[in-house]
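Undergrad: One predicted model, sequence on top.
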Amino acid sequence: MNASRRTRVALLVFAVALALVPLSGDRFWVQFAAKMMIAALFAMSLDLLVGYAGIVSLAHAAFFGLGAYLLAGLTNGAGLVSPLATFPLALAGTAVAALVIGFLSVRTSGVYLVMITLAFTQMLYFLFGEAPGLGGSDGLYVAQRPRLSAFGTTLLDLGNGRTAYFFIWAALVAIYLLLARTVRAPFGRVLAGIRINEARMRTLGYRTRRYKIAAFVAAGALAGLAGVLDATLYGFVNPAIFGWRQSGLVLVTVLLGGKGTLYGPALGAVLLGVLEHFGEKWTAYWNALIGAVAIATVLALPGGLAGLLRGSRG
Amino acid sequence: MVEALLETEALTRRFGALAAVAGISLRIEAGAVHAIIGPNGAGKSTFLNLLSGELKTTSGRVRFRGEDVTRAPPDRLSRLGIGRSYQTANVFPELSARECVWIASHSRKDGEARVAERGARALAACGLAARSDVAAGQLSYGEQRQLEIAMMLATEPILLLVDEPLAGLGHDEARTIVDLLREVARNRTLVLVEHDMDAVFSIADTVTVLVDGRVLETGSPQAIRESPRVREAYLGEEE
């Protein structure tokens, strides 16, 4: 379970390299790398659910979307600008939604769970896409980017591209460390037991549903954080981020990167982002290219990118 | 009459038209090794699954330590003190033996020091102390059965439901398990489903014979061995 030394060194190098991107001074690449880091955070949060608890959910984009819209709503509607207010509130709101959806979803399993989470995602997609108060299909601008001020001085301005970049970088590193700790802690080991053999966990005395709901809420709240960061970076939200396509894509990211490793899905997100960027320039059929990469990975590398990095196949 | 540790009252489970367990009323006395034997399809495993809550009862009652637990789910029964082991080793193949036992022990949630201590004790009692770092899936079949029992012990059950612990084992491995069960039974109550008659008659205090989901007879091993009805229905075919 413990990441090997080689993997740790590679991850450290990777994190340092990401921290150096703003030195390039190129606004496009800084924003591109920030987008990749948000996608990486989003994929890691789903890995907790898929790779550790063994719950395959298509509701994950819903939590990303809720986080983003909550930030926009709190800023535009309630006039809250301080991230000390908006971030915790947006995360709490997402967690409550994840609690409700998780409570209703984890009573089922397998393909039924996939269906019910898909249905929730689509409900939210149409709700946010049609309701005029929520911006409709045009989406919403975030009136003011999160900014922390005290005594007339600005301490943190996330409207500044470079500041936002480092903030997102710090969030990614912190959440990786937090998740890596969580999956090694008793909670994570119990989740692994549930993934391997839930019936046995119940006869050993575990209220397995509670654990699954807890995992659902934790993963959902972190997906919400990814959404909050996305809205912070772009200053704009639109209902397309709720789509089941997004939920499907993040699931592919997790499998491509190697589920149950945390860093694998993060690398998967980067790989997919790079493929999308260059694929788009190279051919109009880049979506098919991504499909081909996904198929090749699943067939040849069951352990995903992480398996390749560890030097073991699957 | 002294209250039994566990008591079933006309316990019934139907699968469609078939009553796999058809009105079993049985008393499991505290401290006893109560073996349940019977031909294939007699309802032995179904009966255990009803007691462990893995199957829902169609009708009838189960009382454990005086409390009605007929509708209790398996996790609650486990916390009340009913442990379960399975016919086929039901371990976590990807985890090491130590981790399997840790998971079982951790379910009691009484602090990591106690969890670790209880786990280590269960592994040692089952003769797996030297094999604790081996992945459960890599253990020999016999060792997996030992691990299965270690996991059950790590939850510190009062009543153990043991389903065919000797199935598929060679002579020496079976001996190890029989010795282990005898040791385990010294201060616990055991309900043992097993086909190996030598093993059953050597460790059971009470034997119940099931046929077609009903109790044919309950008695001491001696009485069961000598019962003409049992001989006719079951033992005769075996010998």
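TA: Yep, that arrived.

Undergrad: which residues in chain B form strands?
TA: B:6-15, B:18-28, B:33-37, B:59-64, B:67-68, B:82-85, B:159-163, B:189-193, B:206-211, B:214-219 (DSSP state E).

Undergrad: Looking at those strands, which is nearest to chain A?
TA: strand B:82-85 (4.7 Å; CB to the nearest CB). (C-beta placed from N, C-alpha, C; glycine too.)

Undergrad: can you give me phi and psi for the residue of chain A found nearest chain B?
TA: Residue nearest to chain B within chain A: residue A:205 (3.5 Å; CB to the nearest CB). Dihedral angles phi and psi of residue A:205 (degrees, to the nearest 10) take the values phi 110, psi 0.

Undergrad: Can you read off the pLDDT for it?
TA: In this model, residue A:205 is scored at 97, pLDDT.

Undergrad: That one touches residue B:106, doesn't it?
TA: No - judged on CB atoms under 8 Å, residue A:205 makes no contact with residue B:106 at a distance of 9.5 Å.

Undergrad: Could I get the contacting residues of the closest residue in space to residue B:151 that isn't next to it in sequence?
TA: Leaving aside its sequence neighbours, residue B:151 sits nearest to residue B:104 (CB to CB, 6 or more residues apart in numbering or on different chains; 4.0 Å). For residue B:104, the contacting residues are A:204, B:119, B:122, B:150, B:151, B:152, B:154, B:155, by CB atoms under 8 Å, 6 or more residues apart in numbering or on different chains.

Undergrad: Any chance of a markdown table for the residues you listed, columns distance to residue A:285?
TA: Listed next are the contacts of residue B:104 as a markdown table, based on distance: CB to CB, whole Å:
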| residue | distance to residue A:285 |
| --- | --- |
| A:204 | 50 |
| B:119 | 55 |
| B:122 | 58 |
| B:150 | 56 |
| B:151 | 52 |
| B:152 | 57 |
| B:154 | 56 |
| B:155 | 56 |
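
Undergrad: any idea which of these is the one closest to residue A:135?
TA: residue A:204 (48.5 Å; CB to CB).

Undergrad: The closest one: neighbour count?
TA: Other residues near residue A:204 come to 28 when the count uses other CB atoms under 10 Å in any protein chain shown.

Undergrad: do residue A:138 as well
TA: Per other CB under 10 Å, the neighbour tally for residue A:138 reads 11.

Undergrad: That one and residue A:238 touch, don't they?
TA: Yes - at 7.0 Å, residue A:138 and residue A:238 qualify as touching, with contact defined as CB under 8 Å.

Undergrad: Need the winner for burial among the strands of chain B.
TA: strand B:82-85 (a mean of 28; mean count of other CB atoms under 10 Å in any protein chain shown).

Undergrad: phi, psi of residue A:65?
TA: Phi and psi for residue A:65, reported as degrees, to the nearest 10, are phi -60, psi -40.

Undergrad: doesn't residue A:238 make contact with it?
TA: No - assessed by CB under 8 Å, residue A:65 is found out of contact with residue A:238, at 9.3 Å.

Undergrad: quick one, which of those two is more surrounded?
TA: Neighbours per residue, other CB under 10 Å: of residue A:65 and residue A:238, the larger number sits with residue A:65, 29 against 18.

Undergrad: residues contacting the more buried one?
TA: Per CB under 8 Å, 6+ apart, neighbours of residue A:65: A:124, A:125, A:128, A:227, A:237, A:239, A:241, A:242, A:246.

Undergrad: Can you report phi and psi for the residue lying closest to the fifth one once chain neighbours are set aside?
TA: Right, the one you point to is residue A:237. In this structure, residue A:237 finds its nearest non-sequential neighbour in residue A:68, 4.4 Å apart by CB to CB, 6+ apart. Here is the backbone geometry of residue A:68 (degrees, to the nearest 10): phi -60, psi -50.

Undergrad: now do residue A:193
TA: Here residue A:193 shows phi and psi, under degrees, to the nearest 10, equal to phi -60, psi -40.

Undergrad: again with residue B:128
TA: According to degrees, to the nearest 10, residue B:128 has phi -110, psi 10.

Undergrad: okay but it is in contact with residue B:96, surely?
TA: No - with contact defined as CB under 8 Å, residue B:128 does not reach residue B:96; the gap is 10.5 Å.

Undergrad: Mind checking which of the two has more residues around it?
TA: For residue B:128 against residue B:96, the residue with the higher neighbour count under other CB under 10 Å is residue B:128, and the figures read 22 against 18.

Undergrad: what about the more buried one, distance to residue B:144?
TA: Distance, residue B:128 to residue B:144, using CB to CB, to the nearest Å: 10 Å.

Undergrad: Show me the helices in the stretch 51-200 of chain A, by range?
TA: A:60-76, A:83-105, A:110-130, A:161-184, A:186-196, A:198-203 (DSSP state H, counting those that start in this stretch).

Undergrad: Buried deepest among those, which one?
TA: Per residue and on average, the most neighbours among those fall to helix A:60-76, with a mean of 28 (mean count of other CB under 10 Å).

Undergrad: between that one and helix A:83-105, how big is the angle?
TA: Between helix A:60-76 and helix A:83-105, the angle comes out at 150 degrees (axes from the mean of the first three to the mean of the last three CA atoms, to 10 degrees).

Undergrad: Could you pull up the mean pLDDT of helix A:60-76?
TA: 96.

Undergrad: Ok, stretch B:3-12 next?
TA: 95.

Undergrad: show me where chain B has helices.
TA: B:44-51, B:74-80, B:97-106, B:112-125, B:141-154, B:171-184, B:197-203, B:221-226, B:228-230, B:236-238 (DSSP state H).

Undergrad: Now do the contacts for residue 71.
TA: Because you didn't say which chain, this covers chain A. So, once contact is read as CB under 8 Å, 6+ apart, residue A:71 ends up touching A:86, A:87, A:90, A:142, A:146, A:227, A:228, A:231, A:232, A:237.

Undergrad: Oops, wrong one, chain B.
TA: Residue B:71 touches B:56, B:57, counting by CB under 8 Å, 6+ apart.

Undergrad: Recalculate using a threshold of 6 Å.
TA: Going by CB atoms under 6 Å, 6 or more residues apart in numbering or on different chains, residue B:71 touches no other residue.

Undergrad: Against residue B:50, how distant is it?
TA: For residue B:71 relative to residue B:50 (CB to CB), the value is 11 Å.

Undergrad: just for chain A, where's the confidence low?
TA: When residues are selected by pLDDT under 70, those of chain A lie in A:1-3, A:311-314.

Undergrad: what's the single longest helix in it?
TA: With DSSP H setting the assignment, residue counts place helix A:208-234 as the longest helix in chain A.

Undergrad: tell me what it is packed against?
TA: Packing partners of helix A:208-234 (3 or more CB pairs under 6 Å, 6 or more residues apart in numbering or on different chains; DSSP states H and E): helix A:27-47, helix A:60-76, helix A:83-105, helix A:186-196, helix A:198-203.

Undergrad: Which PyMOL command selects the buried ones in the contacts of residue A:71?
TA: A single PyMOL command selects the buried members of those (16 or more other CB atoms under 10 Å in any protein chain shown):
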select buried, chain A and resi 86+87+90+142+146+227+228+231+232+237
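
Undergrad: Could you identify the most distant pair in the contacts of residue A:71?
TA: The widest separation within the contacts of residue A:71 (CB to CB) is 15.2 Å, between A:87 and A:237.

Undergrad: just to revisit the earlier point, relative to residue A:21, which of the helices of chain B is closest?
TA: Among the helices of chain B, the nearest to residue A:21 by CB to CB is helix B:97-106 (39.6 Å).
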